[in-house]
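**Student:** Mind folding the following:
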Amino acid sequence: VDRITSLVDELMIFARSEALDRRPVNLHRLIDEVIELVQAEPLAQNISFERIYDPSIPDFLADADRLKQVFLNLTQNAVQAMEDIGGTLTLSTGMALENRLKGGDGRPKPTVVICFEDEGPGISPAIQDKLSTPFFTTKAKGTGLGLALSRHWVTRHGGRLRIDASNESGGRIRVKLPLQLEPQPTDSTGGDE
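**Tutor:** Here you go, the predicted structure:
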């Protein structure tokens, strides 16, 4: 019953148009919280976690709970891919200099890239396009909703989730998010003092 309830709750996310609760988010702190959660799981005992963070990324406006769900799904998928063989999961962040997201006006805008790279068996190009389709799974006990939900929340943030099947040694998934900063208060005095 709990499994069915959880499945129905996940399906309802696609049916509801839930608003994002955008607040200032420290991306690296959020990723660290996810790593701590996953490291506590028995499946992660043979996995090393490497962090390569770009310290220039400021706090930006996002729904921390939804991004945490996305990062947790992607991290757990990577750990499950390496479950039997062990390995390293590298989580890196940076600013996109090329292929940035475009705003409503068609102009490139500041874009943050979060990369999840594992040393598992890799992603077959034959299934790459199916992976984020609801109910498609390669796992015996999977629901096929993790990547679909992750793509949904990334898209709702104005971003993109890319599954890279060309990576020769393991799986690589990149999340691009717009770097939306809090509006700065303007000086209402109208002049210099």
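**Student:** A helix includes Gly75, no?
**Tutor:** Just to correct that, residue 75 is Thr rather than Gly. Yes: when DSSP: H, G, I helix; E, B strand; the rest coil is applied, Thr75 is found to be in a helix.
**Student:** Tell me which residues touch it, please.
**Tutor:** By CB atoms under 8 Å, 6 or more residues apart in numbering, the contact set of Thr75 is Val34, Ile35, Val38, Leu89, Leu91, Phe116. Where you see a C-beta, it was placed from the backbone N, CA and C, and this is true even at glycine.
**Student:** now swap in Ala81 and tell me
**Tutor:** Going by CB under 8 Å, 6+ apart, Ala81 touches Asp118, Gly120, Pro121, Gly170, Gly171.
**Student:** How about it, nearest residue that isn't a chain neighbour?
**Tutor:** The shortest distance from Ala81 to any non-neighbouring residue, by CB to CB, 6 or more residues apart in numbering, is to Gly120 (3.1 Å).
**Student:** sorry, back to before: neighbour-wise, give me the winner out of the contacts of Ala81.
**Tutor:** Using other CB atoms under 10 Å as the neighbour test, the contacts of Ala81 are led by Asp118, with 27 neighbours.
**Student:** Could you check the pLDDT of it?
**Tutor:** For Asp118, the pLDDT comes out at 91.
**Student:** longest strand in the protein, by residue count?
**Tutor:** strand 87-95 (DSSP state E).
**Student:** Other residues contacting it?
**Tutor:** By CB under 8 Å, 6+ apart, strand 87-95 touches 27-28, 31, 35, 46-54, 56-57, 75, 78-79, 82, 110-120, 170, 179.
**Student:** of all the contacts of Ala81, which two lie farthest apart?
**Tutor:** Asp118 and Pro121 (9.3 Å; CB to CB).
**Student:** Next, show the common contact partners of these two.
**Tutor:** With CB under 8 Å, 6+ apart, Asp118 and Pro121 have common neighbours Ala81, Gly170.
**Student:** ok so, going back, among the contacts of strand 87-95, name the ones in helices.
**Tutor:** Leu27, His28, Ile31, Ile35, Thr75, Ala78, Val79 (DSSP state H).
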